[in-house]
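> this is the structure alone, sequence omitted:
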(Lines give C-alpha, C1' and ligand atoms only; values in the text may rest on other atoms or scores of the structure.)
Protein backbone atom coordinates (compact mmCIF):
# COMPACT_ATOMS: atom_id res chain seq x y z
CA UNK A 1 0.00 0.00 0.00
CA UNK A 2 1.46 3.36 -1.02
CA UNK A 3 1.57 6.24 1.42
CA UNK A 4 0.15 9.55 0.31
CA UNK A 5 2.85 12.19 0.12
CA UNK A 6 2.54 15.13 2.49
CA UNK A 7 1.03 18.18 0.82
CA UNK A 8 3.61 20.78 -0.20
CA UNK A 9 2.91 24.48 -0.71
CA UNK A 10 4.91 26.12 -3.49
CA UNK A 11 4.74 29.91 -3.78
CA UNK A 12 5.89 31.64 -6.96
CA UNK A 13 6.35 35.39 -6.72
CA UNK A 14 5.91 37.05 -10.11
CA UNK A 15 4.08 35.98 -13.28
CA UNK A 16 6.71 36.72 -15.89
CA UNK A 17 8.79 34.37 -18.06
CA UNK A 18 10.27 32.57 -15.07
CA UNK A 19 7.20 32.44 -12.87
CA UNK A 20 4.85 31.19 -15.59
CA UNK A 21 7.34 28.56 -16.71
CA UNK A 22 7.71 27.27 -13.15
CA UNK A 23 3.99 27.23 -12.44
CA UNK A 24 3.20 25.21 -15.55
CA UNK A 25 6.03 22.70 -15.18
CA UNK A 26 5.30 22.11 -11.51
CA UNK A 27 1.58 21.63 -12.12
CA UNK A 28 2.19 19.16 -14.94
CA UNK A 29 4.64 17.08 -12.92
CA UNK A 30 3.24 17.12 -9.38
CA UNK A 31 0.11 15.42 -8.09
CA UNK A 32 -2.95 17.61 -7.37
CA UNK A 33 -2.56 17.57 -3.58
CA UNK A 34 0.49 19.83 -3.85
CA UNK A 35 -0.58 23.50 -3.97
CA UNK A 36 0.99 25.79 -6.50
CA UNK A 37 0.28 29.50 -6.08
CA UNK A 38 1.56 32.32 -8.24
CA UNK A 39 1.28 35.91 -6.98
CA UNK A 40 1.50 39.04 -9.12
CA UNK A 41 0.43 42.65 -8.67
CA UNK A 42 -0.79 42.75 -12.28
CA UNK A 43 -4.05 41.23 -13.47
CA UNK A 44 -2.74 40.53 -16.98
CA UNK A 45 0.43 39.24 -18.60
CA UNK A 46 1.99 41.04 -21.52
CA UNK A 47 5.28 39.87 -22.96
CA UNK A 48 7.91 42.61 -23.15
CA UNK A 49 8.76 41.58 -26.71
CA UNK A 50 5.25 42.58 -27.78
CA UNK A 51 5.84 46.22 -26.74
CA UNK A 52 7.71 46.80 -29.97
CA UNK A 53 4.94 45.19 -32.03
CA UNK A 54 2.52 47.66 -30.47
CA UNK A 55 5.02 50.37 -31.40
CA UNK A 56 5.16 49.36 -35.05
CA UNK A 57 1.40 48.90 -35.28
CA UNK A 58 1.26 45.14 -35.85
CA UNK A 59 -0.44 44.52 -32.47
CA UNK A 60 -2.72 46.49 -30.18
CA UNK A 61 -2.27 46.89 -26.44
CA UNK A 62 -5.69 45.39 -25.71
CA UNK A 63 -5.17 42.19 -27.70
CA UNK A 64 -1.69 41.71 -26.25
CA UNK A 65 -2.86 41.44 -22.63
CA UNK A 66 -3.69 37.93 -21.38
CA UNK A 67 -5.75 37.50 -18.19
CA UNK A 68 -3.68 35.74 -15.52
CA UNK A 69 -6.88 34.25 -14.10
CA UNK A 70 -6.56 31.71 -16.90
CA UNK A 71 -4.01 29.95 -14.68
CA UNK A 72 -6.90 28.80 -12.47
CA UNK A 73 -8.13 26.59 -15.34
CA UNK A 74 -4.84 24.70 -15.11
CA UNK A 75 -5.11 24.03 -11.39
CA UNK A 76 -2.70 26.85 -10.53
CA UNK A 77 -3.91 29.29 -7.88
CA UNK A 78 -3.47 32.93 -8.88
CA UNK A 79 -3.46 35.81 -6.39
CA UNK A 80 -3.61 39.36 -7.74
CA UNK A 81 -1.73 40.91 -4.82
CA UNK A 82 1.53 42.70 -4.14
CA UNK A 83 4.36 41.21 -2.08
CA UNK A 84 5.15 43.30 0.99
CA UNK A 85 7.51 41.09 2.98
CA UNK A 86 9.31 37.74 2.83
CA UNK A 87 10.26 36.07 6.12
CA UNK A 88 12.58 33.21 5.22
CA UNK A 89 13.05 32.14 8.85
CA UNK A 90 9.31 31.53 9.33
CA UNK A 91 8.73 30.65 5.66
CA UNK A 92 5.97 33.25 5.33
CA UNK A 93 5.19 35.71 2.53
CA UNK A 94 3.02 38.73 3.37
CA UNK A 95 0.93 40.56 0.77
CA UNK A 96 -0.64 44.02 0.62
CA UNK A 97 -3.96 42.50 1.74
CA UNK A 98 -2.30 41.40 4.99
CA UNK A 99 -2.36 37.76 3.93
CA UNK A 100 0.35 35.59 5.42
CA UNK A 101 1.12 32.70 3.10
CA UNK A 102 3.18 29.80 4.37
CA UNK A 103 5.43 27.99 1.91
CA UNK A 104 7.52 24.83 1.69
CA UNK A 105 9.26 26.06 -1.47
CA UNK A 106 9.58 29.66 -2.58
CA UNK A 107 10.50 30.84 -6.08
CA UNK A 108 11.25 34.55 -6.36
CA UNK A 109 10.70 35.80 -9.90
CA UNK A 110 9.67 39.40 -9.24
CA UNK A 111 11.79 40.97 -11.97
CA UNK A 112 13.05 44.55 -11.66
CA UNK A 113 11.37 47.84 -10.83
CA UNK A 114 11.81 50.95 -12.96
CA UNK A 115 13.14 54.18 -11.47
CA UNK A 116 12.81 56.92 -14.10
CA UNK A 117 12.25 59.35 -11.23
CA UNK A 118 16.01 59.13 -10.70
CA UNK A 119 16.49 61.07 -13.95
CA UNK A 120 15.63 64.68 -13.17
CA UNK A 121 13.10 66.19 -15.58
CA UNK A 122 12.57 63.02 -17.66
CA UNK A 123 8.85 62.48 -17.09
CA UNK A 124 8.12 66.19 -16.62
CA UNK A 125 9.48 66.92 -20.09
CA UNK A 126 7.52 64.29 -21.97
CA UNK A 127 9.98 61.37 -21.93
CA UNK A 128 8.57 57.94 -22.77
CA UNK A 129 9.46 54.73 -20.91
CA UNK A 130 10.11 52.14 -23.65
CA UNK A 131 9.39 49.33 -21.21
CA UNK A 132 5.95 50.54 -20.11
CA UNK A 133 3.33 49.04 -22.47
CA UNK A 134 0.75 51.64 -21.46
CA UNK A 135 2.95 54.40 -22.92
CA UNK A 136 3.64 52.71 -26.26
CA UNK A 137 0.41 53.60 -28.15
CA UNK A 138 0.92 57.32 -27.43
CA UNK A 139 4.60 57.02 -28.36
CA UNK A 140 3.60 55.53 -31.72
CA UNK A 141 1.22 58.44 -32.31
CA UNK A 142 3.97 60.94 -31.49
CA UNK A 143 6.38 59.27 -33.93
CA UNK A 144 3.82 59.32 -36.72
CA UNK A 145 2.96 62.97 -36.06
CA UNK A 146 6.58 64.17 -36.02
CA UNK A 147 7.47 65.71 -39.36
CA UNK A 148 11.05 66.78 -38.66
CA UNK A 149 13.57 66.91 -35.83
CA UNK A 150 15.38 64.38 -33.64
CA UNK A 151 14.20 61.21 -31.94
CA UNK A 152 16.53 60.31 -29.09
CA UNK A 153 16.75 56.96 -27.30
CA UNK A 154 18.65 57.01 -24.00
CA UNK A 155 19.86 53.99 -22.07
CA UNK A 156 20.01 55.63 -18.65
CA UNK A 157 21.90 52.99 -16.69
CA UNK A 158 22.99 49.35 -16.60
CA UNK A 159 21.98 46.64 -16.04
CA UNK A 160 18.66 46.76 -17.84
CA UNK A 161 16.51 43.95 -19.15
CA UNK A 162 16.66 42.67 -22.71
CA UNK A 163 19.95 44.39 -23.67
CA UNK A 164 19.31 44.52 -27.47
CA UNK A 165 15.81 46.07 -27.05
CA UNK A 166 16.84 49.76 -27.34
CA UNK A 167 18.70 49.05 -30.57
CA UNK A 168 15.79 46.98 -31.88
CA UNK A 169 13.47 49.89 -31.05
CA UNK A 170 15.65 52.33 -32.99
CA UNK A 171 15.55 50.08 -36.06
CA UNK A 172 11.78 49.68 -35.86
CA UNK A 173 11.36 53.43 -35.44
CA UNK A 174 13.50 53.85 -38.56
CA UNK A 175 11.13 51.47 -40.36
CA UNK A 176 8.07 53.41 -39.16
CA UNK A 177 9.56 56.70 -40.39
CA UNK A 178 10.48 55.24 -43.78
CA UNK A 179 6.92 53.97 -44.27
CA UNK A 180 5.56 57.29 -43.02
CA UNK A 181 7.65 59.22 -45.55
CA UNK A 182 9.38 61.33 -42.88
CA UNK A 183 12.69 59.53 -42.39
CA UNK A 184 14.82 61.99 -44.36
CA UNK A 185 13.80 64.91 -42.14
CA UNK A 186 14.16 63.09 -38.79
CA UNK A 187 17.41 62.04 -37.10
CA UNK A 188 17.48 58.98 -34.87
CA UNK A 189 20.12 58.89 -32.12
CA UNK A 190 20.84 56.36 -29.41
CA UNK A 191 22.92 57.14 -26.32
CA UNK A 192 24.41 54.66 -23.85
CA UNK A 193 26.64 55.07 -20.78
CA UNK A 194 28.74 52.07 -21.87
CA UNK A 195 31.80 52.11 -24.18
CA UNK A 196 30.26 49.50 -26.53
CA UNK A 197 26.70 48.71 -27.53
CA UNK A 198 26.28 45.41 -25.66
CA UNK A 199 28.91 44.85 -22.97
CA UNK A 200 27.21 41.56 -22.02
CA UNK A 201 27.72 40.29 -25.58
CA UNK A 202 31.28 41.49 -26.08
CA UNK A 203 33.03 43.69 -28.68
CA UNK A 204 32.40 41.57 -31.79
CA UNK A 205 28.63 41.34 -31.43
CA UNK A 206 28.51 44.97 -30.28
CA UNK A 207 30.27 46.08 -33.44
CA UNK A 208 27.84 44.01 -35.53
CA UNK A 209 24.99 45.91 -33.89
CA UNK A 210 26.61 49.31 -34.43
CA UNK A 211 27.25 48.47 -38.08
CA UNK A 212 23.59 47.54 -38.48
CA UNK A 213 22.56 50.86 -36.95
CA UNK A 214 24.94 52.74 -39.23
CA UNK A 215 23.52 51.00 -42.29
CA UNK A 216 20.13 52.47 -41.34
CA UNK A 217 21.55 55.97 -40.60
CA UNK A 218 21.02 55.61 -36.84
CA UNK A 219 23.62 57.51 -34.83
CA UNK A 220 25.27 55.60 -31.98
CA UNK A 221 26.78 57.55 -29.06
CA UNK A 222 28.73 55.54 -26.46
CA UNK A 223 29.95 56.88 -23.10
CA UNK A 224 26.95 59.19 -22.63
CA UNK A 225 25.28 58.79 -19.23
CA UNK A 226 22.15 60.92 -18.92
CA UNK A 227 22.24 63.32 -15.97
CA UNK A 228 19.06 65.39 -16.40
CA UNK A 229 16.47 66.62 -18.87
CA UNK A 230 15.91 70.38 -18.88
CA UNK A 231 12.65 72.19 -19.61
CA UNK A 232 13.86 73.45 -23.00
CA UNK A 233 14.19 69.89 -24.37
CA UNK A 234 17.90 69.63 -23.70
CA UNK A 235 19.58 66.43 -22.53
CA UNK A 236 22.49 66.97 -20.16
CA UNK A 237 25.05 64.17 -19.89
CA UNK A 238 27.62 63.53 -17.18
CA UNK A 239 30.41 64.06 -19.72
CA UNK A 240 29.27 67.68 -20.10
CA UNK A 241 27.55 67.27 -23.48
CA UNK A 242 24.18 68.95 -24.07
CA UNK A 243 21.92 67.69 -26.86
CA UNK A 244 18.51 68.92 -28.00
CA UNK A 245 15.68 66.51 -28.83
CA UNK A 246 12.14 66.57 -30.19
CA UNK A 247 11.03 63.14 -28.94
CA UNK A 248 12.68 61.37 -26.00
CA UNK A 249 12.54 57.62 -25.30
CA UNK A 250 14.25 56.19 -22.23
CA UNK A 251 15.32 52.83 -20.91
CA UNK A 252 14.80 53.44 -17.19
CA UNK A 253 17.20 52.69 -14.36
CA UNK A 254 16.38 49.27 -12.91
CA UNK A 255 16.42 48.28 -9.25
CA UNK A 256 15.49 45.26 -7.18
CA UNK A 257 11.84 45.31 -5.98
CA UNK A 258 11.16 47.06 -2.68
CA UNK A 259 9.90 43.86 -1.04
CA UNK A 260 13.28 42.22 -1.64
CA UNK A 261 15.21 45.12 -0.13
CA UNK A 262 12.94 45.08 2.92
CA UNK A 263 13.15 41.32 3.50
CA UNK A 264 16.82 40.84 4.27
CA UNK A 265 17.45 38.88 1.08
CA UNK A 266 20.32 41.16 0.05
CA UNK A 267 23.64 41.10 1.81
CA UNK A 268 25.74 44.20 2.30
CA UNK A 269 26.82 45.80 -1.00
CA UNK A 270 24.45 43.59 -3.02
CA UNK A 271 22.03 45.22 -5.46
CA UNK A 272 20.39 41.97 -6.63
CA UNK A 273 19.77 38.54 -5.14
CA UNK A 274 22.81 36.29 -5.14
CA UNK A 275 22.18 32.67 -6.15
CA UNK A 276 24.15 29.57 -7.02
CA UNK A 277 24.85 29.93 -10.75
CA UNK A 278 23.84 26.34 -11.50
CA UNK A 279 20.95 25.58 -9.11
CA UNK A 280 19.53 29.11 -8.55
CA UNK A 281 19.31 28.38 -4.82
CA UNK A 282 19.72 31.24 -2.39
CA UNK A 283 21.36 30.93 1.01
CA UNK A 284 17.91 30.36 2.55
CA UNK A 285 16.30 26.92 2.83
CA UNK A 286 14.14 25.99 -0.18
CA UNK A 287 14.27 29.54 -1.54
CA UNK A 288 15.17 30.00 -5.21
CA UNK A 289 15.48 33.21 -7.24
CA UNK A 290 15.38 33.44 -11.03
CA UNK A 291 15.43 36.02 -13.77
CA UNK A 292 15.89 39.78 -13.51
CA UNK A 293 15.80 39.86 -9.71
CA UNK A 294 19.15 38.02 -9.58
CA UNK A 295 22.76 38.83 -10.36
CA UNK A 296 24.70 35.82 -11.60
CA UNK A 297 28.35 36.62 -12.14
CA UNK A 298 30.09 34.70 -14.88
CA UNK A 299 33.44 36.34 -14.18
CA UNK A 300 34.54 39.55 -12.42
CA UNK A 301 33.22 41.73 -15.28
CA UNK A 302 30.31 39.74 -16.78
CA UNK A 303 26.88 38.68 -15.53
CA UNK A 304 23.98 36.76 -17.01
CA UNK A 305 21.83 39.33 -18.87
CA UNK A 306 18.42 40.29 -17.58
CA UNK A 307 16.32 38.67 -20.29
CA UNK A 308 13.27 36.42 -20.37
CA UNK A 309 15.00 33.53 -22.12
CA UNK A 310 17.44 33.16 -19.22
CA UNK A 311 14.60 33.34 -16.68
CA UNK A 312 12.84 30.58 -18.61
CA UNK A 313 15.96 28.40 -18.66
CA UNK A 314 16.54 28.94 -14.95
CA UNK A 315 12.87 28.19 -14.21
CA UNK A 316 13.17 24.78 -15.85
CA UNK A 317 16.14 23.89 -13.63
CA UNK A 318 14.46 25.11 -10.44
CA UNK A 319 11.22 23.30 -11.25
CA UNK A 320 13.00 20.02 -11.91
CA UNK A 321 14.83 20.21 -8.59
CA UNK A 322 11.58 20.75 -6.69
CA UNK A 323 9.80 18.00 -8.65
CA UNK A 324 12.62 15.55 -7.93
CA UNK A 325 12.64 16.37 -4.21
CA UNK A 326 8.88 16.10 -3.77
CA UNK A 327 8.63 12.92 -5.85
CA UNK A 328 11.74 11.47 -4.18
CA UNK A 329 13.54 11.02 -7.48
CA UNK A 330 17.17 10.22 -6.79
CA UNK A 331 18.66 11.25 -10.10
CA UNK A 332 22.44 11.22 -10.48
CA UNK A 333 22.12 13.73 -13.30
CA UNK A 334 21.27 16.78 -11.21
CA UNK A 335 19.70 19.57 -13.30
CA UNK A 336 22.03 22.53 -13.76
CA UNK A 337 21.50 25.84 -15.53
CA UNK A 338 23.83 25.96 -18.56
CA UNK A 339 24.08 29.74 -19.05
CA UNK A 340 22.81 29.54 -22.63
CA UNK A 341 20.26 31.82 -24.25
CA UNK A 342 19.22 33.65 -27.38
CA UNK A 343 17.11 36.53 -28.60
CA UNK A 344 15.69 37.93 -31.81
CA UNK A 345 16.41 41.49 -32.88
CA UNK A 346 13.81 42.81 -35.29
CA UNK A 347 14.97 45.38 -37.83
CA UNK A 348 11.74 46.12 -39.71
CA UNK A 349 10.28 44.93 -43.01
CA UNK A 350 9.58 41.49 -41.43
CA UNK A 351 13.25 40.69 -40.86
CA UNK A 352 15.05 39.91 -37.60
CA UNK A 353 18.57 39.16 -36.51
CA UNK A 354 19.40 36.36 -34.11
CA UNK A 355 21.79 36.60 -31.15
CA UNK A 356 22.92 33.43 -29.38
CA UNK A 357 25.00 33.25 -26.23
CA UNK A 358 26.82 30.72 -24.06
CA UNK A 359 27.86 32.50 -20.88
CA UNK A 360 29.26 29.39 -19.17
CA UNK A 361 31.58 28.56 -22.05
CA UNK A 362 34.86 27.29 -20.56
CA UNK A 363 36.91 29.85 -22.48
CA UNK A 364 34.67 32.75 -21.51
CA UNK A 365 31.26 34.04 -22.65
CA UNK A 366 30.61 33.32 -26.32
CA UNK A 367 28.07 35.25 -28.41
CA UNK A 368 27.25 35.49 -32.09
CA UNK A 369 24.97 37.59 -34.29
CA UNK A 370 23.22 36.21 -37.35
CA UNK A 371 22.32 38.59 -40.18
CA UNK A 372 18.64 39.62 -40.20
CA UNK A 373 16.36 37.33 -42.18
CA UNK A 374 12.70 36.53 -42.73
CA UNK A 375 13.29 33.11 -41.15
CA UNK A 376 14.39 34.63 -37.84
CA UNK A 377 11.41 37.00 -37.93
CA UNK A 378 9.04 34.04 -38.32
CA UNK A 379 10.89 32.19 -35.55
CA UNK A 380 10.40 35.19 -33.28
CA UNK A 381 6.64 35.13 -33.87
CA UNK A 382 6.55 31.37 -33.21
CA UNK A 383 8.58 31.88 -30.03
CA UNK A 384 6.13 34.42 -28.62
CA UNK A 385 2.96 32.60 -29.63
CA UNK A 386 4.14 29.20 -28.39
CA UNK A 387 5.04 30.55 -24.94
CA UNK A 388 1.76 32.38 -24.49
CA UNK A 389 -0.17 29.30 -25.61
CA UNK A 390 1.72 26.93 -23.31
CA UNK A 391 1.65 29.21 -20.27
CA UNK A 392 -1.86 30.63 -20.36
CA UNK A 393 -4.08 29.33 -23.16
CA UNK A 394 -3.51 25.57 -23.28
CA UNK A 395 -5.57 23.79 -20.63
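Now that the structure is in, tell me what you want to look at. Values in this document were obtained by computation on a predicted structure and should not be read as measured data. Numbers count the residues shown, from 1 in each chain.
> let me see the ranges of the helices in this protein.
17-29, 50-55, 61-64, 136-145, 165-180, 203-215, 258-261, 308-326, 374-388 (DSSP state H).
> Serialize those to JSON lines and add fields for mean pLDDT, mean neighbour count and distance to residue 79.
Glycine gets a C-beta too; all of them are placed from N, C-alpha and C. JSON lines is the format used below for the helices of the chain (pLDDT from 0 to 100; neighbours: other CB atoms under 10 Å; distance: least, CB to CB, whole Å):
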{"stretch": "helix 17-29", "mean pLDDT": "97", "mean neighbour count": "24", "distance to residue 79": "12"}
{"stretch": "helix 50-55", "mean pLDDT": "94", "mean neighbour count": "21", "distance to residue 79": "24"}
{"stretch": "helix 61-64", "mean pLDDT": "93", "mean neighbour count": "13", "distance to residue 79": "23"}
{"stretch": "helix 136-145", "mean pLDDT": "97", "mean neighbour count": "16", "distance to residue 79": "27"}
{"stretch": "helix 165-180", "mean pLDDT": "97", "mean neighbour count": "21", "distance to residue 79": "29"}
{"stretch": "helix 203-215", "mean pLDDT": "96", "mean neighbour count": "17", "distance to residue 79": "40"}
{"stretch": "helix 258-261", "mean pLDDT": "92", "mean neighbour count": "18", "distance to residue 79": "14"}
{"stretch": "helix 308-326", "mean pLDDT": "97", "mean neighbour count": "22", "distance to residue 79": "19"}
{"stretch": "helix 374-388", "mean pLDDT": "96", "mean neighbour count": "15", "distance to residue 79": "21"}
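> what's the closest of these to residue 277?
Of all those, helix 308-326 sits nearest to residue 277, with 9.8 Å by CB to CB.
> circling back to that earlier point, mind giving me a markdown table with the helices of the chain and columns for distance to residue 106?
Listed next are those as a markdown table, based on distance: least, CB to CB, whole Å:
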| stretch | distance to residue 106 |
| --- | --- |
| helix 17-29 | 11 |
| helix 50-55 | 29 |
| helix 61-64 | 30 |
| helix 136-145 | 33 |
| helix 165-180 | 29 |
| helix 203-215 | 35 |
| helix 258-261 | 12 |
| helix 308-326 | 10 |
| helix 374-388 | 23 |
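> tell me which residues touch residue 170, please.
153, 188, 190, 213, 218 (CB atoms under 8 Å, 6 or more residues apart in numbering).
> look up how far residue 376 lies from it.
To residue 376, residue 170 is 18 Å away according to CB to CB, to the nearest Å.
> returning to that earlier point: and the furthest pair within the contacts of residue 170?
Applying CB to CB across the contacts of residue 170, the maximum distance is between 153 and 213, 10.6 Å.
> common neighbours of these two, please.
Common neighbours of residue 153 and residue 213 (CB under 8 Å, 6+ apart) are 170, 190.
> still on that earlier bit, what about the helices of the chain, which gets the closest to residue 75?
With CB to CB, the closest approach to residue 75 among the helices of the chain belongs to helix 17-29: 5.5 Å.
> what is that closest one packed up against?
Judged by 3 or more CB pairs under 8 Å, 6 or more residues apart in numbering; DSSP states H and E, helix 17-29 is in contact with strand 9-13, strand 35-39, strand 105-108, helix 308-326.
> please enumerate residues in contact with it?
10, 12-13, 15, 34, 36, 38, 40, 45, 71, 74-76, 107, 109, 290-291, 308-309, 311-312, 314-316, 318-320, 322-323, 327, 387, 390-392.
> just how off-centre is that helix within its chain?
17 Å (CA atoms, centre = their mean, to the nearest Å).
> what of stretch 366-381?
Using CA atoms, centre = their mean, the offset of stretch 366-381 from its chain centre is 19 Å.
> again with stretch 87-97
Distance, centroid of stretch 87-97 to centroid of chain: 25 Å (CA atoms, centre = their mean).
> again, but for stretch 150-166
Counting by CA atoms, centre = their mean, stretch 150-166 comes out at 13 Å from the chain centroid.
> how many neighbours does residue 335 have?
The number of residues packed near residue 335 is 17, by other CB atoms under 10 Å.
> which residue sits closest to it in space, ignoring its chain neighbours?
residue 320 (4.2 Å; CB to CB, 6 or more residues apart in numbering).
> where's the one you found relative to residue 92, distance?
For residue 320 relative to residue 92 (CB to CB), the value is 26 Å.
> now for residue 387: which residues touch it?
Residue 387 neighbours (CB under 8 Å, 6+ apart): 17, 20, 47, 312.
> buried residues in stretch 282-295, which are they?
Buried residues in stretch 282-295, counted by 16 or more other CB atoms under 10 Å: 282, 284, 286, 287, 288, 289, 290, 291, 292, 293, 294, 295.
> return the subset of those residues lying in strands.
For the buried residues of stretch 282-295, the ones inside strands are 287, 288, 289, with DSSP state E as the criterion.
> residue 93 versus the first one, what's the distance?
In this view, residue 287 and residue 93 are 10 Å apart by CB to CB.
> any residues in contact with both of these two?
What both residue 287 and residue 93 touch, as defined by CB under 8 Å, 6+ apart, is the set residue 106.
> any chance of the ones in strands among the buried residues of stretch 282-295 in TSV, with distance to residue 127 and pLDDT too?
Below are these laid out as TSV (distance: CB to CB, whole Å; pLDDT from 0 to 100):
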residue	distance to residue 127	pLDDT
287	37	98
288	36	98
289	31	98
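> which of these sits closest to residue 268?
residue 289 (17.6 Å).
> make TSV from the buried residues of stretch 282-295 and add distance to residue 149 to it.
As requested, those are exported to TSV (distance: CB to CB, whole Å):
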residue	distance to residue 149
282	48
284	52
286	55
287	50
288	48
289	43
290	42
291	37
292	34
293	38
294	40
295	38
